[in-house]
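Participant: Provide a 3D model corresponding to the input given below.
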Amino acid sequence: MNASRSPTQELTRSLIARSSVTPEDAGCLELITARLAPLGFVCERMDGGGVSNLWARRGTARPLIVFAGHTDVVPTGPLADWHSDPFVPTERDGFLFGRGAADMKASLAAFVTSIEAFVSANPAHPGSIALLLTSDEEGDATHGTTLVVETLRAVAKPSTTASSANPPRAPPSATPSRTVAVAASPASSRSKASRATSPTRNWPGTRSTSPPRPWPNSQPKPGTKATNTSRPPPGRCPTSRPAPAPPM
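Facilitator: Residues are numbered from 1 along each chain as shown. Next comes the predicted model:
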């Protein structure tokens, strides 16, 4: 660890170094889980359809604040168009370059380090904090957030008679981390069936069956070198700004 870098910068670099081209997670969720579990988060993996999903919650009381995000990135395009390896975090002119630096691995790092600081200062905070993270946002986006929400709703239904003072679904306390079996929804199944005959299968550079959404500046202009191909700001995040504390 470089003593001159903040915890947010260090975690951002570690996440960028994982080549999580959609729908791959490449170990990002394991890294984040390792940071959250010691804080008292119950971490549940809800993977499905080749997608990695994490639901992590600290506390059982209301209100509940959820940080939602994704670990996957769009394909890099030709490596020759990059000034540096997209999965080797590189600092130039006070900015950090790498695939997913702006969208959204710096944000994920800020989530985690802000929560760490908040919990350290407020160990008995009211309410609950949760993170819903997926590796299925840049591609089909059918087995990520949608699947986790459907699973949580299905588990909560038997407890809808619980009093308003208690949440209908309390996280399991036997273990800080577990894997939850999930089933694809009818909508997800229909999407899968339609993709089986889709001419856009095997999108280059990813297992996704549909092309990533065309964000602005997603491809370099002809005859120019791309320093990064993320949404503006193009693949960079300031390395000198502290992460804000989460609103509570």
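
Participant: Show the pLDDT at residue 172.
Facilitator: The per-residue pLDDT reported for residue 172 equals 41.

Participant: Give the buried residues for stretch 58-69.
Facilitator: 58-59, 67, 69 (16 or more other CB atoms under 10 Å). Bear in mind the C-beta positions are built from the backbone N, C-alpha and C, glycine included.

Participant: scratch that, stretch 29-44
Facilitator: Buried, per 16+ other CB under 10 Å, within stretch 29-44: 29, 31-33, 35-37, 39, 41-44.

Participant: What ranges does this structure have for its helices?
Facilitator: Using DSSP state H, the helices of the chain run over residues 7-16, 28-36, 106-121, 145-156, 186-196.

Participant: Counting by contacts, list what the first one packs against.
Facilitator: When you say that, I think you mean helix 7-16. helix 28-36, strand 95-97, helix 106-121 (3 or more CB pairs under 8 Å, 6 or more residues apart in numbering; DSSP states H and E).

Participant: quick one, strands of the chain?
Facilitator: With DSSP state E as the criterion, the chain has strands at 42-45, 53-58, 64-70, 90-92, 95-97, 128-134, 177-179, 236-238.

Participant: residues in contact with the residue lying closest to residue 36 once chain neighbours are set aside?
Facilitator: Using CB to CB, 6 or more residues apart in numbering and skipping the chain neighbours, the partner closest in space to residue 36 is residue 56 (5.1 Å). Residues in contact with residue 56 (CB atoms under 8 Å, 6 or more residues apart in numbering) are 32-33, 36, 41-44, 130-131, 133.

Participant: Residue 113 now?
Facilitator: So residue 113 contacts 6-8, 11, 243 (CB under 8 Å, 6+ apart).

Participant: just checking, residue 105 touches residue 71?
Facilitator: Yes: the criterion here is CB atoms under 8 Å, and residue 105 meets it with residue 71 at 7.4 Å.

Participant: who touches both of the two?
Facilitator: 15, 28.

Participant: Report how many residues lie close to residue 81.
Facilitator: Neighbours of residue 81 under the rule other CB atoms under 10 Å: 15.
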